[in-house]
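Peer 1: Quick one, fold the following:
(chains A, B, C and D)
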2 protein chains.
Amino acid sequence: MTKHRQTLEDKVAGQLNAIEGTRQGLEVVSGKWTILVVFALKQEQRRLSDLQRMIEGISQKMLIQTLRKLEYYGLVERTVYPVVPPKVEYALTPLGFTLLEPLYAICHWTDDHWVQMQTAAQQFQEKEKS
Amino acid sequence: MTKHRQTLEDKVAGQLNAIEGTRQGLEVVSGKWTILVVFALKQEQRRLSDLQRMIEGISQKMLIQTLRKLEYYGLVERTVYPVVPPKVEYALTPLGFTLLEPLYAICHWTDDHWVQMQTAAQQFQEKEKS
DNA sequence: CGGTATCCCTGCGGATACTG
DNA sequence: CAGTATCCGCAGGGATACCG
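Peer 2: A predicted model of the protein is given here:
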């Protein structure tokens, strides 16, 4: 594992196009709603309508699209209960749970530095006037 | 700080719309090219043309747009040398450098789990046929 | 070389209606 | 309730041409 990481760092340190694999993986994680959906599934499995209520502003189309992508890559599991009315539950897979940690790292960073960034933004604007 | 983090975790655990601040910060970090640009500036300051050569496939427009955004939020510093022909160098600020760590967390994750994700994707496709 | 401005088109993503 | 299909507006972002 350590060796593995070293390899990645070498790649990043070298040619950027060498991290294509990482870029592809990144595309899975990115996306306007992905992080929010993963977080919404953090504690327990949810039904589609639950998720739509939890994630303010997401359309059903985008929600399903995001869930499909996550399911496709094995991060989310979709369980259908053969009852009427239909009941479908979504849950994070073990793989999906491992994603929470690096996601938190980003969130913590933005949370810790958002004020600094806003301050910098104001200074930038004022400097622009002159 | 620890208290601060606890607060964020509470928010995430609760209403998702409560992490609006985090979402805003996230939007700065996200973006197709942002991570690559930050990585390209990891070691030393770079000129615009250097960056364009390093980051395969980026258009000048997107590169500048991304740099502007990063500069705006104080993550990148832009230095103009009053010479002819013009020379401009971009570098990460101390704040920008702090971003590397969580970014690496994501990259390491994708790097470590990309194979699993591809395997899952194949299984998903095969299951789909039946 | 660094940067802006303009044109233009693809596709993301929202709204709506419909099926099982 | 879960999901698909269709329409469509608009902005992200590429290509090009042009300034300092």
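
Peer 1: Dihedrals phi and psi, A:Val83?
Peer 2: phi -130, psi 170 (degrees, to the nearest 10).

Peer 1: Quick one: neighbours of it, just the number.
Peer 2: By other Cβ atoms under 10 Å in any protein chain shown, 7 other residues sit near A:Val83. The way it works is simple: take the backbone N, C-alpha and C, and place the C-beta from them, glycine included.

Peer 1: What distance do you get for it to A:Gln52?
Peer 2: Distance, A:Val83 to A:Gln52, by Cβ to Cβ, to the nearest Å: 20 Å.

Peer 1: Secondary structure class of A:Val84, three-state.
Peer 2: Under DSSP: H, G, I helix; E, B strand; the rest coil, A:Val84 falls in the coil class.

Peer 1: Please report the distance of it from chain B.
Peer 2: 24 Å (Cβ to the nearest Cβ, to the nearest Å).

Peer 1: next one: A:Thr110
Peer 2: 3 Å.

Peer 1: what do you get for A:Ile55?
Peer 2: Using Cβ to the nearest Cβ, A:Ile55 is found at 6 Å from chain B.

Peer 1: check contacts around that residue.
Peer 2: A:33, A:36-37, A:40, A:63, B:16 (Cβ atoms under 8 Å, 6 or more residues apart in numbering or on different chains).

Peer 1: So for the residues you listed, which is the shakiest by pLDDT?
Peer 2: Within the set of the contacts of A:Ile55, pLDDT is lowest for B:Leu16 (55).

Peer 1: Compile the contacts of A:Ile55 into TSV and extend it with columns for distance to DNA strand D, neighbour count and secondary structure.
Peer 2: Converted to TSV, the contacts of A:Ile55 look like this (distance: Cβ to the nearest atom of the strand, whole Å; neighbours: other Cβ atoms under 10 Å in any protein chain shown; DSSP: H, G, I helix; E, B strand; the rest coil):
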residue	distance to DNA strand D	neighbour count	secondary structure
A:Trp33	15	19	coil
A:Leu36	17	25	helix
A:Val37	12	25	helix
A:Ala40	14	23	helix
A:Leu63	8	20	helix
B:Leu16	17	23	helix
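
Peer 1: which two in those residues are spaced the farthest apart?
Peer 2: A:Leu63 and B:Leu16 (12.4 Å; Cβ to Cβ).

Peer 1: Just give the closest residue to A:Lys69, not the sequence neighbours.
Peer 2: A:Val28 (6.8 Å; Cβ to Cβ, 6 or more residues apart in numbering or on different chains).

Peer 1: ditto for A:Leu41
Peer 2: Nearest to A:Leu41 is A:Leu92, by Cβ to Cβ, 6+ apart, at 4.8 Å.

Peer 1: and the longest helix that chain A contains, anywhere near DNA strand C?
Peer 2: If you go by DSSP state H, chain A has its longest helix at helix A:94-129. No: applying Cβ under 7 Å from any atom of the strand, one finds helix A:94-129 separated from DNA strand C by no less than 10.4 Å.

Peer 1: State the mean pLDDT of that helix.
Peer 2: 90.

Peer 1: Show the contacting residues for the most centrally placed residue in chain A.
Peer 2: Closest to where the C-alpha atoms of chain A average out (Cα atoms, centre = their mean) is A:Ile35, at 2.7 Å. Each residue near A:Ile35 by Cβ under 8 Å, 6+ apart is listed here: A:29, A:103, A:106-107, B:26.
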